[in-house]
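Visitor: Make a model of this:
(2 chains)
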Amino acid sequence: MASSIRVRATANGDITEVQALIQHPMDTGLVKDAKGELIPAHYIQQLKFECNGKDVFVADWGTAVSKDPYVKFSFKGAKKGDDLKVSWTDNKGGSDTTTAKIS
Amino acid sequence: MTAFTGPFATRRLILQGAASVALLGLGNLPFTPARAAANDKYPEEAFKQKSEADAVKALYGKTAEPSDKVKLDAPEIAENGGVVPISVTTTLDKVTSISFFVAENPSALAASYKIPDGTIPSIANRLKMAKTTNVVAIVEADGKLYSATKEVKVTVGGCGG
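Guide: Here you go, the predicted model:
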């Protein structure tokens, strides 16, 4: 199965810009489906970016983050060709991991 | 910091207890909020708080002061409250975390990001908003909290409204 994570990391000098897009329903637990039944909450709680054995960015998310979340940040200390590991876990114990090469 | 062992553990617990009581003064919360943002654990309690003030207290254990060094970028009007692009940048030094609060949402805390050394304090993400609301970004820098607030007018709510 294709990864739920799409990530693009571009090094520009010392600064690496990271954009990530994750496929996830991010259900709040407040919305009803067509039958009028509540859709249970299902959302990513933690998203982590690791580079060269160090956490470079950790996101704690609640239900207010949009469906198929997007996040952008930048960090220093990486170069082209380094691996950037991205992983998330959700409130139902689901998780996914991917590794991207910094370009 | 979940399992405590050895004789030092009790001492540490007592010290921590004393410290949090001292910090909070009258605020009597069943957990130690100052630690919630500092470690790696998911801040469950803070995400459960309904009001923005309670969520800030649960996450950081202190209050923020408005600062023009925090730049919050949000649209004036969001046609779709389900996807509102919000970004924040700051010129403050020693930033350790950045959090986003949506005041009128069922739970105010939307997202909280840890900024390790070497990561630039500039984040863009997309949030849901139930209705027209103030969005607050809080930057924790050198142990202090700084905030920026902006109102976003929402025409169609993003929380199933």
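
Visitor: Please spell out the segments of the chain that come in under the pLDDT threshold.
Guide: With no chain named, the answer covers chain A. Residue ranges of chain A with pLDDT under 70: A:1.

Visitor: ah, no, chain B please
Guide: Applying pLDDT under 70 to chain B flags residues B:1-39, B:157-161.

Visitor: and it, which residues reach chain A?
Guide: B:40, B:42-43, B:47, B:82-84, B:87, B:102, B:105-107, B:109-116, B:118-120, B:122-129, B:158-160 (Cβ under 8 Å from any Cβ of the partner chain). All C-beta spots, glycine's among them, are computed from the backbone N, C-alpha and C.

Visitor: buried subset of those residues?
Guide: With burial judged by 16 or more other Cβ atoms under 10 Å in any protein chain shown, the buried subset of the residues of chain B next to chain A is B:42-43, B:47, B:82-84, B:87, B:102, B:105, B:107, B:109-115, B:119-120, B:122-123, B:125-129, B:158-159.

Visitor: for the longest strand anywhere in chain B, packing partners?
Guide: Taking DSSP state E as the criterion, chain B has its longest strand at strand B:144-154. Here strand B:144-154 touches strand B:65-66, strand B:70-73, strand B:77-78, strand B:84-90, strand B:133-141, going by 3 or more Cβ pairs under 8 Å, 6 or more residues apart in numbering or on different chains; DSSP states H and E.

Visitor: tell me the most buried of the ones you listed?
Guide: Of those, the one with the most neighbours on average (mean count of other Cβ atoms under 10 Å in any protein chain shown) is strand B:133-141, at a mean of 24.

Visitor: From the rest of the structure, what touches that one?
Guide: Contact with strand B:133-141 is made by B:37, B:52, B:56, B:60, B:64, B:67, B:70, B:72, B:74, B:84, B:86, B:88, B:90, B:92-105, B:121, B:127, B:129, B:145-152, B:154, as judged by Cβ atoms under 8 Å, 6 or more residues apart in numbering or on different chains.

Visitor: try stretch A:84-102
Guide: Counting contacts by Cβ under 8 Å, 6+ apart, the residues outside stretch A:84-102 that touch it are A:3-5, A:7-11, A:16, A:18, A:20, A:22, A:24, A:41-51, A:56, A:78-83.

Visitor: Just the buried positions in it, please.
Guide: A:84, A:85, A:86, A:88, A:89, A:90, A:91, A:96, A:98, A:100, A:102.

Visitor: And the strands in chain A, which stretches?
Guide: Going by DSSP E, chain A shows strands at A:5-12, A:15-22, A:44-51, A:54-61, A:70-76, A:83-90, A:95-101.

Visitor: For the third one, which outside residues touch it?
Guide: Contacts of strand A:44-51 with the rest of the structure, by Cβ under 8 Å, 6+ apart, involve A:16, A:18, A:20, A:22, A:24, A:26, A:55-61, A:65, A:69, A:71, A:73, A:75, A:77-78, A:82-91, A:102, B:42.

Visitor: quick one: strands adjacent to that strand?
Guide: The pairing partners recorded for strand A:44-51 under DSSP bridges are strand A:54-61 (antiparallel), strand A:83-90 (antiparallel).

Visitor: ok, now the last one?
Guide: Under the criterion DSSP bridges, strand A:95-101 sits next to strand A:83-90 (antiparallel) in its sheet.

Visitor: In PDB, list the C-alpha atoms belonging to the partner strand.
Guide: Coordinates of each C-alpha in strand A:83-90 appear next as PDB, following Å, rounded to 0.1, in the frame of the first residue of the first chain:
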ATOM      1  CA  ASP A  83      17.500  10.700   5.400                       C
ATOM      2  CA  LEU A  84      14.500  12.300   7.000                       C
ATOM      3  CA  LYS A  85      12.300   9.900   8.900                       C
ATOM      4  CA  VAL A  86       8.600  10.800   9.300                       C
ATOM      5  CA  SER A  87       6.200   8.900  11.500                       C
ATOM      6  CA  TRP A  88       2.800   9.400  13.000                       C
ATOM      7  CA  THR A  89       0.500   7.700  15.500                       C
ATOM      8  CA  ASP A  90      -3.200   8.200  15.900                       C
END
